[in-house]
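Enquirer: Prediction below, plus the sequence it came from.
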Amino acid sequence: MTLPLHEPGVFGPDDLEGLIWFYDMHGYATLRGVLSASDVDTIESECVAAQRGVIAGELDARYGSTVFLDEAAKADKFANYVEFISELSPAVDAAITHPVVEQLMAMLLGPDCWLRAHEQNGVVYQDARPGKESGYTRIGWHSDWQASPSLDVWPSTAFTVHVDGTSPANGFLRVVPGSHLWSTPAPYRNANGVKVPESARPSGGRTTRKPPFEMPLGFEKIHGEVAVYAERGDILFHDAYLWHSAARATDDNTLRRHVRGGYFGGTKPAAGVEEFIKNAAR
């Protein structure tokens, strides 16, 4: 096992063993050096083109979304999200199915793991700019498992392909290292008011250990949280049970764009099940 690339939790494609070691302990890790500058340039151009297509109404409504917006009315003039982006961008599809990424996912989740590319929201391009036209500013504390506590798709590893590097100026990821090892309750109290289905499991995590404190509903500081910064072209992975949130940018003239999605190690839902849950939550 070699040392991380200059920063804690950052590993190259020649040290997947080290990445997994860090991921298992902390619940997240970054893969650097798989995508070339040209790869990221192409991802950027194809995603921006798709975003413009959504704004102009040239693409099917399937690719636009207002589900995650703070101010949905702004979606008429701007698109913070393009869903199912891997169907529109060959470069995105190539990045998220890169042999190194698929090898890593098999090592973390098992040889039968699957990519959620055409279900629920698919793989999503997110433009998280903080300007006046944006309907997105930040997201509060959560774990990805809490979005579907009734499904058997878990465990899961989320990925974020960074088109822009992150910083306090343009926003960044906040995580609580090791929180994936806690059994976090399903969000029976929910900041956005979504009702948790009766079929939801009461808690979920890599162990049955109870969290040492309650997850905040908003953006409060959490004991032990750290900032996770990324460079352009980095692929960040985090566990579905990890507590995380996104900090708002401090500079309204900056950009924070990325592609995000997930691989799953559990049972793939029957056709229509995820769509029903998605619509019920709207």
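Expert: Yep, it's here.
Enquirer: Just the residues contacting the biggest helix by length in the chain, thanks.
Expert: Under DSSP state H, the helix in the chain containing the largest number of residues is helix 37-55. Helix 37-55 has contacts (CB atoms under 8 Å, 6 or more residues apart in numbering) with 35, 59, 63-64, 77-79, 82, 85, 88-92, 94-95, 125, 127, 161, 163, 232-233, 257, 259. (C-beta placed from N, C-alpha, C; glycine too.)
Enquirer: Please flag which of those sit within strands.
Expert: Secondary structure assignment by DSSP state E places 82, 125, 127, 161, 257, 259 of the contacts of helix 37-55 in strands.
Enquirer: shouldn't the third one be in contact with residue 257?
Expert: Put plainly, it is residue 127. Yes: using CB atoms under 8 Å, residue 127 is in contact with residue 257, at 5.0 Å.
Enquirer: on that earlier part again, want to throw the ones in strands among the contacts of helix 37-55 into CSV with pLDDT?
Expert: Below are the ones in strands among the contacts of helix 37-55 laid out as CSV (pLDDT from 0 to 100):
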residue, pLDDT
82, 95
125, 96
127, 91
161, 98
257, 95
259, 98
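Enquirer: List buried residues within these.
Expert: Buried residues within these, counting neighbours by 16 or more other CB atoms under 10 Å: 82, 125, 127, 161, 257, 259.
Enquirer: Not counting sequence-adjacent ones, nearest residue to residue 122?
Expert: residue 84 (3.7 Å; CB to CB, 6 or more residues apart in numbering).
Enquirer: re the thing from before, nearest to residue 9 among the ones in strands among the contacts of helix 37-55?
Expert: Nearest to residue 9 out of the ones in strands among the contacts of helix 37-55 is residue 161 (CB to CB; 16.5 Å).
Enquirer: Bridged to that closest one, which residues?
Expert: Going by DSSP bridges, residue 161 is paired in beta bridges with residue 235, residue 259.
Enquirer: ok, now which ones touch it?
Expert: 35, 43, 92, 95, 96, 233, 234, 235, 258, 259, 260.
Enquirer: just residue 86 next, same as before
Expert: 92, 93, 96, 117, 122, 123, 261.
Enquirer: Residue 81 contacts residue 122, doesn't it?
Expert: No: Residue 81 lies out of contact with residue 122 (CB under 8 Å); the separation is 10.8 Å.
Enquirer: quick one: which of the two has more around it?
Expert: residue 81 (24 against 18; other CB atoms under 10 Å).
Enquirer: Name the residues linked to the more buried one by a beta bridge.
Expert: In this entry, residue 81 is beta-bridged to residue 126, by DSSP bridges.
Enquirer: gap between the residue nearest to residue 203 when sequence neighbours are not counted and residue 152?
Expert: Nearest residue to residue 203, sequence neighbours excluded (CB to CB, 6+ apart): residue 183, at 4.3 Å. The gap separating residue 183 from residue 152 is 16 Å, by CB to CB, to the nearest Å.
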